[in-house]
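K.L.:
generate a structure from the sequence data that follows.
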Amino acid sequence: MQPPITSSRLRDDLRNNLGIRDGDQIAVHSSMKSLGPVEGGPLALIAALVDAVGGPDRGTVLMPCFNQPLDIVDARRTPCRLGLVPETFRTCPGVHLSNNHTHRVAVLGRDAAEIAACHEGTTPLGRGSPFHELARLGGSVVHIGCDMKSCSLIHVAEFLFPLPFHAAQIAYPGYDKTITLVCTDGSVRSCPPVENPGDSHSFHIVQEAMQKYGLLQHGRVGAAACFRARGLDILATSMDLLAADPAALLCRKPGCTVCQARRQITVSAN
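P.N.:
Sure thing, here's the model as predicted:
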């Protein structure tokens, strides 16, 4: 039986196999179980990510900390629905949480306060939101044991591109209501349902296109198959696909009412 993987081994894998360097800004999507046994659990992975970018004074680490669409959401206290690593990360010392009612992010590092603040007055994953800002700053997206179906930046591309269904404001049940947000400073605001992201099941086509053009850097971290991509490359590839077919990123799952409705509008518009 192999001994548990250490945080220093994870850091070395991130740097040697994915090319992460001091000063990098990374958004991280992760599957903790994909790494294999890790000494120290999610805190060890978080420490490895922060160390890989040169520490909080030099680099930046962002994680999505999305929550269920409750009637009242507390940006500081409402649990994350995306798993053990981001749920642990959001409570780490020095982490800045963005004020968003459904798609909050947690950011630690050099530009953390500024990136988290980008969510003020923006939509969950729209223009100027934290994932978009990190990409504009030259940041990259790291997938640890998961594929691009979890890539939140692709949703940003959907809202940057003038798709015919935007005006309809189609959202999943629960996301189609005004939600009360308790902000990190204790203030309270009402958040109407504007630019809610849809399904991501078809986002694998972005990964396939980026793989074809050599835009993914693959490598193992622990036992996990991982890859890294520049945020601007993800946005450009996604929007190229949408330019060729505005319905390219809509899924065809029979039960997905959001993609079905958006596809109907797209077909009618063409």
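K.L.:
okay, now the residue nearest to Gly54 when sequence neighbours are not counted: neighbour count?
P.N.:
Sequence neighbours aside, Asp22 is the residue nearest to Gly54 in space, at 3.1 Å (criterion: CB to CB, 6 or more residues apart in numbering). Quick note: C-beta positions are derived from backbone N, CA and C, even for glycine. Number of residues near Asp22 (other CB atoms under 10 Å) recorded here: 13.
K.L.:
if I look at Asp22, how far off is Ala52?
P.N.:
Distance, Asp22 to Ala52, by CB to CB, to the nearest Å: 9 Å.
K.L.:
need the overlap of contacts for the two.
P.N.:
Common contacts of Asp22 and Ala52, defined by CB atoms under 8 Å, 6 or more residues apart in numbering, comprise Gly59.
K.L.:
sorry, back to before: surely the residue nearest to Gly54 and Asp57 touch.
P.N.:
No. Between Asp22 and Asp57 there is no contact, the gap being 10.0 Å when judged by CB atoms under 8 Å.
K.L.:
and the one residue sitting closest to the centre of the chain, how far from Ser238?
P.N.:
Most central in the chain under CA atoms, centre = their mean is Ser152, positioned 3.8 Å from the mean C-alpha point. Between Ser152 and Ser238 the distance is 12 Å, computed by CB to CB.
K.L.:
quick one, strands of the stretch 101-250 of the chain?
P.N.:
For the stretch 101-250 of the chain, the strands defined by DSSP state E, counting those that start in this stretch occupy 105-109, 140-144, 179-182, 188-191, 217-221, 224-230.
K.L.:
neighbouring strands - and their directions - for the longest one?
P.N.:
According to DSSP bridges, the neighbouring strands of strand 224-230, each with its direction, are strand 140-144 (antiparallel), strand 217-221 (antiparallel).
K.L.:
and the last one, what's buried?
P.N.:
For strand 217-221, the buried set under the neighbour-count rule, 16 or more other CB atoms under 10 Å, comprises Gln217, Gly219, Val221.
K.L.:
before we move on, what about the first one?
P.N.:
Neighbour counts using 16+ other CB under 10 Å place Ser140, Val141, Val142, His143, Ile144 of strand 140-144 among the buried residues.
K.L.:
so who does the residue nearest to the last one when sequence neighbours are not counted touch?
P.N.:
Spatial nearest neighbour of Ile144, chain neighbours left out: Ser30 (4.1 Å); criterion: CB to CB, 6+ apart. Applying CB under 8 Å, 6+ apart, one finds that Ser30 lies in contact with Leu45, Met63, Gly83, Val85, Pro86, His143, Ile144, Gly145, Cys146.
K.L.:
what residue ranges in this protein are flagged as low confidence?
P.N.:
Counting by pLDDT under 70, the ranges of the chain that qualify are 1.
K.L.:
give me that answer again for 90
P.N.:
Confidence mapping of the chain against pLDDT under 90 gives the ranges 1-3, 121, 254-255, 269-270.
K.L.:
which residue ranges of it form helices?
P.N.:
Secondary structure of the chain by DSSP state H: the helices cover 7-18, 41-52, 84-89, 112-117, 130-136, 152-160, 204-212, 231-244, 257-269.
K.L.:
from Leu10, how far out is Gln2?
P.N.:
According to CB to CB, Gln2 and Leu10 sit 14 Å apart.
K.L.:
more crowded one of the two?
P.N.:
Set Gln2 next to Leu10 and count neighbours by other CB under 10 Å: Leu10 wins out with 26 against 7.
K.L.:
surely that one touches Arg220?
P.N.:
No. Checked against CB under 8 Å, the pair Leu10 and Arg220 is beyond contact range at 10.6 Å.
K.L.:
what is the burial count for Leu215?
P.N.:
For Leu215, the neighbour count with other CB under 10 Å is 17.
K.L.:
for His132, find the nearest of the strands of the stretch 101-250 of the chain.
P.N.:
Nearest of those to His132, taken as CB to CB: strand 105-109 at 11.1 Å.
K.L.:
dump that closest one to PDB, restricted to CA.
P.N.:
Extracted as PDB, the C-alpha positions of strand 105-109 are listed here (Å, rounded to 0.1, in the frame of the first residue of the first chain):
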ATOM      1  CA  VAL A 105     -16.200  32.600  -5.400                       C
ATOM      2  CA  ALA A 106     -13.400  32.400  -2.800                       C
ATOM      3  CA  VAL A 107     -10.000  34.000  -3.600                       C
ATOM      4  CA  LEU A 108      -6.700  34.000  -1.800                       C
ATOM      5  CA  GLY A 109      -3.600  35.800  -2.700                       C
END
